[in-house]
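Q: Any chance you can model this:
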Amino acid sequence: MKNILVCTCLAMTLMAGCKNKAANKPVQDNSSPVVNASGTKISFPLAESANFFQTEKISSSSLMANVTAPAKVSATVLRSNEGASGNIVIFDNPELAGNYTQLLQHLTMINQIQNINIRQRKTELSRIKDLQEHGAATGKDLLESQTALAMEETNLINERSAIIEHETKLKAGGFEPKQLRTAPAGTAYIICDVPESDISQVKKGGKCTIQFTAFPNEDFTGTIDDIADLVDQTTRMIKLRVNINNSNGKLKAGMFGTVAFGLSEGKRLSINKDALVTVQGRNYVFLKTAPQVFERREVNIGDQIGDRIVAFSGLKDGENVVTKGVMQLKGLSFGY
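A: The predicted structure is shown next:
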């Protein structure tokens with residue numbers, strides 16, 4: 001009986017020792033995310049952990065964002081009631097009006113000198129040469145005729161030089177002199193300033209919407225005629241000229257308004273700005289490639305339009321890009 005009791009106690013002691021040993025053995029944590037050596041792939045053992053991250057399915061689409069700029073009706077074109085050869089241009093700026101008037105005067109003089117005066121002098125010189133060959137004109141007559149022609153040619157050069165100053169001032173004001181001279185009656189020109197940072201997205205010939213203070217409940221549609229060649233060194237703004245149909249005469253030179261440009265990047269793949277992370281000058285996004293698996297992908301990006309960033313390469317239509325929890329994935333992927 002005594003031996004049986006000893007054996008029982010020994011068995012109980014061994015069983016207790018085994019329990020203590022099992023209790024002291026570290027328990028493996030199967031809930032931690034698994035990251036491969038390069039950090040490009042992250043797996044979550046628990047579905048609830050993976051569900052924390054929100055994604056969007058990307059696809060090619062047209063990106064559009066409105067950029068607004070203060071504007072003013074800088075000139076209107078009216079038909080002359082006096083039968084003039086050209087239309088009347090009314091400027092809101094007296095200096096530009098003076099430059100345009102003087103430009104027209106110089107052009108008239110150039111036409112006069114080039115098509116009438118010089119032609120007459122050349123005809124006269126040819127006649128004097130013919131008379132001299134037949135002994136009916138002297139060398140003095142020939143010299144005077146040559147001098148008269150040279151003077152007219154000098155006048156032509158001077159008139160052409162004088163035009164440059166007026167053309168430069170008109171262009172600095174946002175106008176193209178040649179277009180002003182041929183503009184049809186019923187045209188209004190709107191001048192506005194656009195930041196240098198946005199100018200690459202504004203295209204000549206593009207459409208825009210204008211609202212004027214005088215007509216707050218009416219939208220006008222205009223066309224971008226030209227983009228100035230000069231950047232203001234103080235404001236870093238560039239002038240744009242917009243033309244608009246004003247056949248009803250509602251718009252007057254000097255009226256203020258606001259121009260809205262629909263800046264478009266065309267149909268491209270894009271990502272939400274919150275999806276992008278930048279590390280050491282390189283841009284990355286994280287893709288959800290399986291229910292509990294995420295992949296890091298390097299992308300080549302373009303401009304930001306609103307909340308969207310153009311993705312030139314690195315992504316495909318239909319892929320799921322992470323938009324929430326990106327910083328957590330960045331920490332796991334790069335180790336910080």
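
Q: Would you mark the buried spots in the top helix by length along the chain?
A: The longest helix of the chain (DSSP state H) is helix 139-172. Residues 141, 145, 148-149, 152-153, 155-156, 159, 162-163, 166-167, 169-171 are the ones in helix 139-172 that count as buried (16 or more other CB atoms under 10 Å). All C-beta atoms are positioned from the backbone trio N, CA, C, and that covers glycine.

Q: Give me the secondary structure label for L107.
A: helix (DSSP: H, G, I helix; E, B strand; the rest coil).

Q: pretty sure it is in contact with I163, am I right?
A: Yes. Using CB atoms under 8 Å, L107 makes contact with I163 at a distance of 7.1 Å.

Q: can you list residues touching both of those two?
A: With contacts defined as CB atoms under 8 Å, 6 or more residues apart in numbering, no residue is adjacent to both L107 and I163.

Q: Leaving aside the residues adjacent along the chain, what's closest to V34?
A: S43 (4.5 Å; CB to CB, 6 or more residues apart in numbering).

Q: Helices along the stretch 101-250 of the chain, start to end?
A: Listed in chain order, the helices of the stretch 101-250 of the chain (DSSP state H, counting those that start in this stretch) span 118-133, 139-172, 177-182.

Q: quick one: which of these has the weakest pLDDT on average?
A: Confidence, taken as mean pLDDT, is least for helix 177-182 of the helices of the stretch 101-250 of the chain (a mean of 90).

Q: could I have it exported to CSV, CA atoms only?
A: As requested, the backbone C-alpha atoms of helix 177-182 are provided in CSV (Å, rounded to 0.1, in the frame of the first residue of the first chain):
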residue,chain,number,x,y,z
PRO,A,177,-1.9,94.1,-83.4
LYS,A,178,-2.6,92.2,-86.6
GLN,A,179,-5.7,90.4,-85.2
LEU,A,180,-7.0,93.7,-83.9
ARG,A,181,-7.0,95.2,-87.4
THR,A,182,-8.9,92.2,-88.8
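
Q: so how far is V310 from the residue positioned nearest the centre of the chain?
A: By CA atoms, centre = their mean, the chain has its centre lying nearest to Q201, at 1.7 Å. To V310, Q201 is 11 Å away according to CB to CB, to the nearest Å.

Q: can you check L125 too?
A: According to CB to CB, L125 and V310 sit 66 Å apart.

Q: before we move on, what about K72?
A: 33 Å.

Q: unless I'm mixing things up, the residue nearest to V34 is touching P33, no?
A: Yes. Between S43 and P33 a contact is recorded at 6.5 Å, counting by CB under 8 Å.

Q: Comparing the two, which residue is more hemmed in?
A: Neighbour count, other CB atoms under 10 Å: between S43 and P33, P33 has more, with 16 against 13.

Q: pLDDT wise, what is the residue nearest to the more buried one when sequence neighbours are not counted at?
A: Spatial nearest neighbour of P33, chain neighbours left out: F44 (5.1 Å); criterion: CB to CB, 6+ apart. pLDDT recorded at F44 is 95.

Q: Tally up the residues packed near F44, please.
A: Using other CB under 10 Å, F44 has 20 other residues around it.

Q: Can you name the residues that contact the closest residue to R236 other than its chain neighbours?
A: Ranked by CB to CB, 6+ apart and with sequence neighbours excluded, the top spatial neighbour of R236 is E196, at 4.5 Å. E196 makes contacts with V231, R236, M237, I238, as judged by CB under 8 Å, 6+ apart.

Q: Adding neighbour count, write the residues you listed out as a markdown table.
A: A markdown table is the format used below for these (neighbours: other CB atoms under 10 Å):
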| residue | neighbour count |
| --- | --- |
| V231 | 13 |
| R236 | 12 |
| M237 | 19 |
| I238 | 20 |
